[in-house]
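Novice: generate coordinates for the sequence data below:
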Amino acid sequence: MHQSKENQKLYYKMLHQKRETELLLSALRVKLFSYLENWEAPKSVATKSGLNERNVSFVLNALASIGLLEKSNEVYRNTPQSNDFLNPNSSAYLGESILFREKMMSLQNIEERLINGPNKNVLNNNQGIGVYDFYEAARVSIPEMYTGRVQSLIQAVTSLYGNKTPKKILDLGGGSGILAMELAITFPNCKSVVFEHPNVARLPRELVSERNLSEHVSVIEGDFNADDIGKGYDLIIASGVLDFAKDHLDSVMNKLYNALTSNGYLYVVTHNVSEDYQEPPESILGWLSSHLDGLDVLLTKKDIENTLTRHGFQHIHSDDDGGVFEGLQGEFYLKRTRGLQDGKVTKTCD
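Specialist: This is a model prediction of the structure:
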């Protein structure tokens, strides 16, 4: 009788993880965590939610078994972590974003896409806007921004400038524009610009108005692969957007270089993709659905670094980007005087 020496438990662990995920997603969809800020019996939750009491009892017990709820005798309540991030009544609620990303990156129907191949329009145009709903992605990701990304960037920029202040900042493909707005609040004498696709630009405009930041933050509509992005920026933020310039990378790099002041900084967040496209698996799997649909935009870390160096940028600082996504790295580059080939950094004056 053959008995393999290899470990087969991995596959069953993966199945269990899928069941845990399905349980979490279902609980989010019916907003179960909103009824569990305090100790509640299944009957009480069923009455308030309109769900079936018997099955609510089983689901609450299962959620407690995987650590998303606390159980005492026959009553349940959210763990502190669940109360912060899974309860719709919390200001830090991530449930909407989790549900959106599950749908956005879903790997359902892989078999169908393996048989039929990619969408020809997406394949020919290779534009993310043809695959993703970036307006909704930007909207639901706002709470994610405050799980560390905003704080990390402000700390890094404050450290970079010391007692000085950037005068003008560009948030390229800034989505909601949260980074530009928070930097404008941190540096009140600074003007921030959010550059976004026309399909998304309505969102940062609304937020700028709601937060009374119109004097400090403006929004420009356009396609950064094709349109002018302005100039005279002391700092440009390019957070997770360079992949969408894959077919125009040299042109976009030239724009970034020319748009910066001579002492300007470029802040880049990449997915740290390895040259063999094996790492990090979160990025490889996260982009798989769009790749099967026909998109092909994911750049390796080395490709981005080489292009930045070739276009006159000098790497000066790396840090964890912060937030819920592990592995994202924020990196600062200094605009060098073109022509230097020895890596020696020279800051020039305007």
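Novice: which helix is the longest one in this structure?
Specialist: Secondary structure of the chain per DSSP state H: the longest helix is helix 9-29.
Novice: now that one: buried residues?
Specialist: For helix 9-29, the neighbour count (16 or more other C-beta atoms under 10 Å) marks Glu20, Leu23, Leu24, Ala27, Leu28 as buried. All C-beta atoms are positioned from the backbone trio N, CA, C, and that covers glycine.
Novice: what's downstream of the helix or strand of the chain with the lowest mean pLDDT, the next helix or strand?
Specialist: Lowest on mean pLDDT, DSSP states H and E among the helices and strands of the chain sits strand 313-320, with a mean of 82. On the C-terminal side of strand 313-320, the closest following helix or strand by DSSP states H and E is strand 329-335.
Novice: which parts of that next one are buried?
Specialist: Gly330, Glu331, Phe332, Tyr333, Leu334, Lys335.
Novice: tell me the strands beside it, with direction?
Specialist: strand 260-270 (antiparallel), strand 313-320 (antiparallel) (DSSP bridges).
Novice: could you list the buried residues of the shortest one?
Specialist: What that stands for is strand 313-320. Quick answer for strand 313-320 (16+ other C-beta under 10 Å): Phe313, Gln314, His315.
Novice: and the residues you listed as TSV, adding distance to Ser289?
Specialist: Shown next, in TSV, are those (distance: C-beta to C-beta, whole Å):
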residue	distance to Ser289
Phe313	32
Gln314	36
His315	32
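Novice: so which of the residues you listed comes closest to Asn89?
Specialist: His315 (43.3 Å; C-beta to C-beta).
Novice: before we move on, the earlier item: closest one to Ser141 among the strands paired with strand 329-335?
Specialist: In terms of C-beta to C-beta, the element of the strands paired with strand 329-335 nearest to Ser141 is strand 260-270, at 13.2 Å.
Novice: roughly how far does Leu107 sit from Leu179?
Specialist: Computed as C-beta to C-beta, to the nearest Å, the Leu107 to Leu179 distance reads 30 Å.
Novice: compare these two and say which is more crowded by neighbours.
Specialist: Neighbour comparison, Leu107 and Leu179: the larger count goes to Leu179, with 23 against 10 (by other C-beta atoms under 10 Å).
Novice: what distance separates stretch 165-178 from the centre of its chain?
Specialist: 16 Å (C-alpha atoms, centre = their mean, to the nearest Å).
Novice: and for stretch 27-34?
Specialist: On C-alpha atoms, centre = their mean, the centre of stretch 27-34 falls 23 Å from the chain's centre.
Novice: measure that stretch end to end?
Specialist: End-to-end distance for stretch 27-34, by C-alpha to C-alpha, to the nearest Å: 10 Å.
Novice: now it: mean pLDDT?
Specialist: Average pLDDT, stretch 27-34: 98.
Novice: cool, and stretch 2-21?
Specialist: 93.
Novice: give me the contact list for it.
Specialist: Ile66 (C-beta atoms under 8 Å, 6 or more residues apart in numbering).
Novice: where does this protein have low pLDDT?
Specialist: Counting by pLDDT under 70, the chain shows low-confidence ranges at 320-328, 338-350.
Novice: redo that, cut-off 80
Specialist: 128-130, 317-329, 337-350 (pLDDT under 80).
Novice: look up phi and psi at the closest residue to Pro198 other than its chain neighbours.
Specialist: Closest residue to Pro198 apart from its sequence neighbours, by C-beta to C-beta, 6 or more residues apart in numbering: Glu221 at 4.6 Å. For Glu221, the backbone dihedrals are phi -90, psi 140 (criterion: degrees, to the nearest 10).
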